[in-house]
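**Student:** Fold the following.
(one chain, ligands or ions: 1)
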Amino acid sequence: MSDYKIRGYKDSDYEAVRELFSAGMNEYVPPVCVHVLKQPWVLFVLTCMFICLLVSSKSLILPVLAVTLALALGRQLLGYCWSMYIDHCLKEDLRDISKTYMQSKGSCFWVAEADEIVIGTVAAKPSEEKQEELVLKRMSVRKDFRGLGIGKALSREVLSFARQNQYRSVILNTLMVQHEAQKMYESVGFKKYIEFVLPTVYGKLINFTVSKYRHDILPGS
Ligand SMILES: CC(C)(COP(=O)(O)OP(=O)(O)OC[C@H]1O[C@@H](n2cnc3c(N)ncnc32)[C@H](O)[C@@H]1OP(=O)(O)O)[C@@H](O)C(=O)NCCC(=O)NCCS
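**Tutor:** Residues are numbered from 1 along each chain as shown. This next block holds a predicted model:
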């Protein structure tokens, strides 16, 4: 196993951190496409389109081409929406990482480093909804360093920070396609406490489900 260390964020990590975050999120475009394709109304529309074109044209070529085109357009559209979300994050807390995370006592940003290369990230900041609650964000491990326990180590870093700073719990959000992340959080003691479909038109349309996880910090633990 490669040696790595976890340390606080430095300004020289800026580009690497943003790239790692974007790469990690971009991996979810294909699973999100599959998730959308599995929605009954999507399957229904595609099937109807196929049958109607087959019956009207009496040829297989047109329906096959039309469905392929619809799938390709859908893939492009989802990719575009996903990249807008990534851009939004890059312009939000990841725009000035030092200012957002490193300049107040209750928040922090860590990187995992191997051979002076950033291979993992995680952030923590106070919840805006509840006092004494810390939010874990921006967890990402470079693809070729996965399965080595780095995600778990980064999670434990956040839990230990929460303990040191007298937080009572750590929470985080995951999406319906982040199965590895969910397993990883569960393996360090996080428990799912709520699951909901994003209450927007698009959220409902594609059954975009968010699962929230929490890890309580027991006094004296
Ligand atoms: C989620 C992520 C951070 C995990 O990082 P990692 O360093 O590979 O995780 P670890 O090696 O610490 O794995 C710990 C546990 O996660 C689970 N896990 C990790 N990869 C898995 C996989 N491919 N399939 C199933 N479980 C997996 C296992 O329970 C594992 O525990 P085990 O090794 O005792 O079985 C990494 O996959 C990643 O960066 N994904 C893309 C970005 C992302 O999804 N971030 C989370 C946003 S909420």
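**Student:** There's contact between Ile150 and Ala112 in this structure, I believe.
**Tutor:** Yes - counting by CB atoms under 8 Å, Ile150 touches Ala112, with 5.1 Å between them. All C-beta spots, glycine's among them, are computed from the backbone N, C-alpha and C.
**Student:** And Tyr193, how far from Glu186?
**Tutor:** Distance, Tyr193 to Glu186, using CB to CB, to the nearest Å: 12 Å.
**Student:** what does Val201 give?
**Tutor:** For Val201, the distance to Glu186 - CB to CB - is 31 Å.
**Student:** Give me the more crowded residue out of Ile150 and Ala112.
**Tutor:** Ala112 (25 against 22; other CB atoms under 10 Å).
**Student:** Pick out the residue of this structure closest to the ligand.
**Tutor:** Gly151 (2.6 Å; CB to the nearest ligand atom).
**Student:** Could you tell me the end-to-end distance of stretch 196-206?
**Tutor:** 13 Å (CA to CA, to the nearest Å).
**Student:** ok, and the closest non-adjacent residue to Ala46?
**Tutor:** Quick fix: residue 46 is Leu, not Ala. Excluding the flanking residues, the one nearest Leu46 by CB to CB, 6 or more residues apart in numbering is Val67, at 5.8 Å.
**Student:** Could you pick out the residues of this structure near the ligand for me?
**Tutor:** 24, 27, 139-141, 146-152, 174, 178, 180-181, 183-184, 187 (CB under 6 Å from any ligand atom).
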